[in-house]
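Novice: Pasting the sequence and the predicted model now:
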Amino acid sequence: MTKKNSKYIKMRSLFCMLTLLMLAFVMTACSNSKETVKDDDGKIKVTTTIGMITDAVKQVGGEHVNVNGLMKSGVDPHLYKASQGDIKKLEQADIIFYNGLHLEGKMVEVFERMAKNKSTIAVSDDIDRSSLRSGDEMETEYDPHIWFDVKHWMKATETIRDSLIEYDPDHKEDYEENAKNYLNQLEELDKEVAEKIASIPEKGRVLVTAHDAFGYFGDAYGIKVMGLQGISTASEAGTKDLVDLRDFLVKNKIKAVFIESSVPRRSIDAVIQGAKEKGHNLEIGGELFSDAMGEEGTSEGTYVGMVRHNVNIIVQALK
Ligand code: ZN
């Protein structure tokens, strides 16, 4: 055998081995995808949309769940479209949790499809519809930003708890215990927010933000809320809205307006410029987390930390 030939044979056997390896890999992958009950490590595979839900599922599910959140820090859920990778994560999940009320407006069909063969749960489902704010006539029937009223978010947490128990009754006690601890934290948070907002002089309690996400916050904690864009960021702010808002702010000598981490700031800048031309100095009070939380690993990357951050920024700027 020549040297060249032996090299060829070696390469060919190497190629055969690689093919076999790949085949083995594909076969394992296939058998894994059929195993829908639990992950290899025994944990339930959960796929979620916004960070606030991801956080709540981690809190309630604890060591029994592996949570895969699709929307990271700074991502706008109203405009979010599922990528091929996202579809895969949804298909592989045992349970899917999303907000619903048309928050994830571009993913409605995907959820409908997933719901045909697995638990696909909107965490807003158990909230009494009569306690919900109405939405934009065009975009949504209800205002989907329920996490801005901590009490609504407590209800969503209970929905997550009950769904995990239904799927995995063996760990019922753990889910109940975890949920109880988290709900206690949320109850404290709710009181804290109410107290802090009440410390702003009543005339100054006006919250102007880039889009109309804070309606529940305003209702629950007694602050007037005005957004430049509508309830969904899919609708643009009109010129008349900008002029009306500017006049209101100038007339009432409001000190600050706020930008949001998941929405471009151009409309807010236009209002500040407009007020300046009218001789009123408006400041940017700070950046609020509206539809997305802060970076993972930071305090603002949790629901409790995000709410606390928002309230502190608002109080500091308006007090
Ligand atoms: Zn929003």
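Specialist: Great, that's in hand. This structure is a prediction, so every number in the text was calculated from the model and none was measured. Numbers count the residues shown, from 1 in each chain.

Novice: average model confidence for stretch 217-233?
Specialist: Per-region confidence: stretch 217-233 scores 91 on mean pLDDT.

Novice: Now that stretch: buried residues?
Specialist: 217-218, 220-221, 223, 225-233 (16 or more other Cβ atoms under 10 Å). Any C-beta I mention is one placed from the backbone N, CA and C, and that applies to glycine too.

Novice: would you turn these into JSON lines with distance to the ion and secondary structure?
Specialist: Formatted as JSON lines, the buried residues of stretch 217-233 follow (distance: Cβ to the ion, whole Å; DSSP: H, G, I helix; E, B strand; the rest coil):
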{"residue": "217", "distance to the ion": "12", "secondary structure": "helix"}
{"residue": "218", "distance to the ion": "14", "secondary structure": "helix"}
{"residue": "220", "distance to the ion": "17", "secondary structure": "helix"}
{"residue": "221", "distance to the ion": "18", "secondary structure": "helix"}
{"residue": "223", "distance to the ion": "17", "secondary structure": "coil"}
{"residue": "225", "distance to the ion": "12", "secondary structure": "strand"}
{"residue": "226", "distance to the ion": "14", "secondary structure": "strand"}
{"residue": "227", "distance to the ion": "9", "secondary structure": "strand"}
{"residue": "228", "distance to the ion": "12", "secondary structure": "strand"}
{"residue": "229", "distance to the ion": "9", "secondary structure": "strand"}
{"residue": "230", "distance to the ion": "9", "secondary structure": "coil"}
{"residue": "231", "distance to the ion": "7", "secondary structure": "coil"}
{"residue": "232", "distance to the ion": "6", "secondary structure": "coil"}
{"residue": "233", "distance to the ion": "6", "secondary structure": "coil"}
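
Novice: tell me which of these is nearest to residue 124?
Specialist: Lowest distance from residue 124 to the buried residues of stretch 217-233 (Cβ to Cβ) belongs to residue 231, with 14.0 Å.

Novice: Now the closest one: phi and psi?
Specialist: Main-chain dihedrals, residue 231, degrees, to the nearest 10: phi -70, psi -30.

Novice: Pretty sure it sits against residue 211.
Specialist: Yes. Proximity of residue 231 to residue 211 meets the contact threshold set by Cβ atoms under 8 Å, at 7.4 Å.

Novice: how does the chain divide up, domain by domain?
Specialist: As assigned by automatic domain parsing, the chain contains the domains 44-123+137-190, 195-318.

Novice: which residues sit against the helix or strand encompassing residue 285?
Specialist: Residue 285 belongs to strand 283-288 when assigned by DSSP states H and E. Contacts to strand 283-288, defined as Cβ atoms under 8 Å, 6 or more residues apart in numbering, come from residues 209, 255-261, 268, 272, 309-310, 313-314, 316-318.

Novice: Residue 196 contacts residue 316, doesn't it?
Specialist: No. Applying Cβ under 8 Å, one finds residue 196 not in contact with residue 316, separated by 10.1 Å.

Novice: Counting neighbours, go ahead and name the busier of those two.
Specialist: Per other Cβ atoms under 10 Å, whichever of residue 196 and residue 316 has more neighbours is residue 196, with 16 against 12.

Novice: Surely that one forms part of a strand?
Specialist: No. Assignment of residue 196 by DSSP: H, G, I helix; E, B strand; the rest coil gives helix, placing it outside any strand.

Novice: Which pLDDT value does the model give it?
Specialist: At residue 196, the predicted lDDT confidence score is 98.

Novice: list the contacts for it?
Specialist: Taking Cβ under 8 Å, 6+ apart as the test, what residue 196 contacts is 311, 312, 315.

Novice: Next, residue 66: secondary structure please.
Specialist: strand.

Novice: Not counting its neighbours along the chain, what's nearest residue 220?
Specialist: Once flanking residues are discounted, residue 220 sits nearest to residue 149: 4.1 Å by Cβ to Cβ, 6 or more residues apart in numbering.

Novice: residues from the stretch 151-300 of the chain in reach of the ion?
Specialist: 213, 291 (Cβ under 5 Å from the ion).

Novice: ok, now with 8 Å
Specialist: Within the stretch 151-300 of the chain, the positions lying close to the ion (Cβ under 8 Å from the ion) are 211, 212, 213, 231, 232, 233, 262, 263, 290, 291.

Novice: so what's the second one scoring on pLDDT?
Specialist: So that's residue 212. So residue 212 comes in at 88 (pLDDT).

Novice: wait, doesn't it sit right on residue 235?
Specialist: No. Using Cβ under 8 Å, residue 212 is not in contact with residue 235; the gap is 9.4 Å.

Novice: Show me whatever sits in contact with both of these two.
Specialist: Contacts common to residue 212 and residue 235, judged by Cβ under 8 Å, 6+ apart, are residue 229.

Novice: ok, back up a step: buried residues of the strand holding residue 285, list them for me.
Specialist: Here strand 283-288 shows 285, 286, 287, 288 as buried, counting by 16+ other Cβ under 10 Å.
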